[in-house]
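Engineer: how does the following fold in three dimensions:
(one chain, ligands or ions: 1)
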Amino acid sequence: MQKVAVVTGGCRGIGLATTELFLEMGWRVVMVDRDGPELRAAAAQLENVLPVEADVSIPEQVDRMVAEALAGFGRIDALVNNAGVALFSRAEGTRFEDWREVMETNLDGVFLCTQAAAGALAETRGAVVNIASISGLRASTLRVAYGTSKAGVIHMTKQFAVELGERGIRVNCVAPGPVRTKLAAAVHAPEIISAYYDAIPLNRYGEAREIAEAICFLCSEKASFITGQTLAVDGGFDAAGVGLPALRRDAAVAAD
Ligand code: NAD
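Structural biologist: As a prediction, this is how the structure comes out:
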């Protein structure tokens with residue numbers, strides 16, 4: 001039986017790379033996005049996909065999305081809660097409507113989609129993978145809403161893993177470091193990009209495909225005894241402490 005993944009935010013960036021990798025693995029994919037034109041354009045390039053236009057933060061649209069997924073493909077083996085928005089602003093100046101906009105997609109969306117798909121996932125003993133961020137593991141400037149939402153996603157992963165484990169469903173989380181996507185381009189100026197390079201031991205941004213590899217692994221049978229975990233896919237960003245760039249430069253000089 002061909003397996004089915006539901007990927008939210010599936011029409012570009014990490015979600016599209018994940019969709020493409022599932023297809024290479026022989027799965028069918030329900031691509032979910034609120035950006036109808038971009039969703040239809042991306043889906044038109046692919047086979048074995050079902051595009052569903054829906055906003056993950058609206059309960060009625062989430063219920064319709066799961067119903068359309070089941071009507072179209074008959075089963076759900078994996079749910080990837082990838083849809084996310086990033087708004088960076090200083091804590092004191094963050095407007096309440098911006099705070100709510102981030103929470104609605106990043107936190108409410110993960111909650112609603114997981115709840116709505118749980119029944120179908122129980123039938124297949126399937127898996128959920130939530131996409132958090134390095135910003136949910138480490139605090140940084142300008143991320144009071146984004147970082148807090150992603151820390152919530154990391155904890156929500158454990159909450160769902162504990163309860164859904166009883167129904168055979170695994171729930172894990174991937175926390176990407178900076179990845180070159182439209183989302184990152186919108187919030188990372190050139191000087192921020194070079195500062196990131198300094199702080200990341202592997203000295204570069206990640207590629208969407210590298211995040212997809214971790215997501216698809218956690219959805220697969222290869223991860224059959226892993227649940228409730230957060231895997232940072234970040235070039236070592238989470239492992240590194242203060243002073244790393246200077247130390248690295250000293251070491252490079254010493255090695256010359
Ligand atoms: P992106 O902006 O390129 O794509 C996100 C997609 O989600 C878009 O197609 C958008 O239309 C869709 N979307 C947003 N809100 C939605 C909603 N409410 N309902 C349905 N669809 C919605 O983003 P990306 O860079 O590919 O990021 C994907 C995920 O990875 C996000 O959760 C993001 O927070 C996380 N992440 C990204 C980076 C990075 O550097 N790019 C780093 C860490 C974590």
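Engineer: may I see the buried residues of the longest helix along the chain?
Structural biologist: Determined from DSSP state H, the single longest helix within the chain is helix 144-164. By neighbour count on 16 or more other Cβ atoms under 10 Å, the buried set for helix 144-164 is 144-154, 156-157, 160-161, 164. The C-beta positions use only the backbone N, C-alpha and C, and glycine is treated the same way.
Engineer: out of those, who's near the ligand?
Structural biologist: Restricting the buried residues of helix 144-164 to those within reach of the ligand (Cβ under 6 Å from any ligand atom) leaves nothing.
Engineer: can I assume residue 241 sits in a strand?
Structural biologist: No: the assignment for residue 241, made by DSSP: H, G, I helix; E, B strand; the rest coil, is coil rather than a strand.
Engineer: how many residues are close by it?
Structural biologist: Using other Cβ atoms under 10 Å, residue 241 is surrounded by 6 other residues.
Engineer: ok, it to residue 247 distance?
Structural biologist: Distance from residue 241 to residue 247, counting by Cβ to Cβ, to the nearest Å: 10 Å.
Engineer: quick one: list the elements packing against the host helix or strand of residue 249.
Structural biologist: Assigned by DSSP states H and E, residue 249 belongs to helix 244-255. Packing partners of helix 244-255 (3 or more Cβ pairs under 8 Å, 6 or more residues apart in numbering; DSSP states H and E): helix 190-199.
Engineer: in the helix it packs on, what counts as buried?
Structural biologist: Going by neighbour count (16+ other Cβ under 10 Å), the buried part of helix 190-199 is 196, 199.
Engineer: do a quick rundown of the helices in the stretch 51-200 of the chain.
Structural biologist: Secondary structure of the stretch 51-200 of the chain (DSSP state H, counting those that start in this stretch): helices at 59-73, 96-103, 109-124, 144-164, 182-187, 190-199.
Engineer: the last one - what's its average pLDDT?
Structural biologist: Averaged across helix 190-199, pLDDT comes to 84.
Engineer: just how off-centre is the helix or strand following it within its chain?
Structural biologist: Past helix 190-199, heading to the C-terminal end, the next element that is a helix or strand (DSSP H and E) is helix 208-219. The chain centroid and the centroid of helix 208-219 are separated by 10 Å, computed with Cα atoms, centre = their mean, to the nearest Å.
Engineer: on the C-terminal side of helix 208-219, identify the next helix or strand.
Structural biologist: strand 230-233.
Engineer: now do that next one: which elements does it pack against?
Structural biologist: Against strand 230-233 (3+ Cβ pairs under 8 Å, 6+ apart) you get strand 170-176, helix 208-219.
Engineer: so how far is that strand off the chain centroid?
Structural biologist: In terms of Cα atoms, centre = their mean, the centre of strand 230-233 is set 11 Å apart from its chain centre.
Engineer: partners of that strand, with directions?
Structural biologist: Note on strand 230-233: by DSSP bridges, its sheet partners are strand 170-176 (parallel).
Engineer: apart from its chain neighbours, what residue comes closest to residue 83?
Structural biologist: In space, and not counting its chain neighbours, residue 83 is closest to residue 9: 3.3 Å by Cβ to Cβ, 6 or more residues apart in numbering.
Engineer: show me what contacts residue 64?
Structural biologist: Residues near residue 64 by Cβ atoms under 8 Å, 6 or more residues apart in numbering: residue 54.
Engineer: could you rerun that using 10 Å?
Structural biologist: Residue 64 is in contact with 52, 53, 54, 58, 116, counting by Cβ atoms under 10 Å, 6 or more residues apart in numbering.
Engineer: export the helix holding residue 249 as CSV, just CAs?
Structural biologist: Taking Å, rounded to 0.1, in the frame of the first residue of the first chain, the C-alpha atoms of helix 244-255 are listed here in CSV:
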residue,chain,number,x,y,z
LEU,A,244,33.4,30.2,19.0
PRO,A,245,34.1,32.5,16.0
ALA,A,246,37.1,34.1,17.6
LEU,A,247,38.5,30.8,18.8
ARG,A,248,38.0,29.4,15.3
ARG,A,249,39.9,32.3,13.7
ASP,A,250,42.8,31.9,16.3
ALA,A,251,43.0,28.2,15.5
ALA,A,252,43.1,28.9,11.7
VAL,A,253,46.0,31.4,12.3
ALA,A,254,47.8,28.8,14.5
ALA,A,255,47.4,26.2,11.7
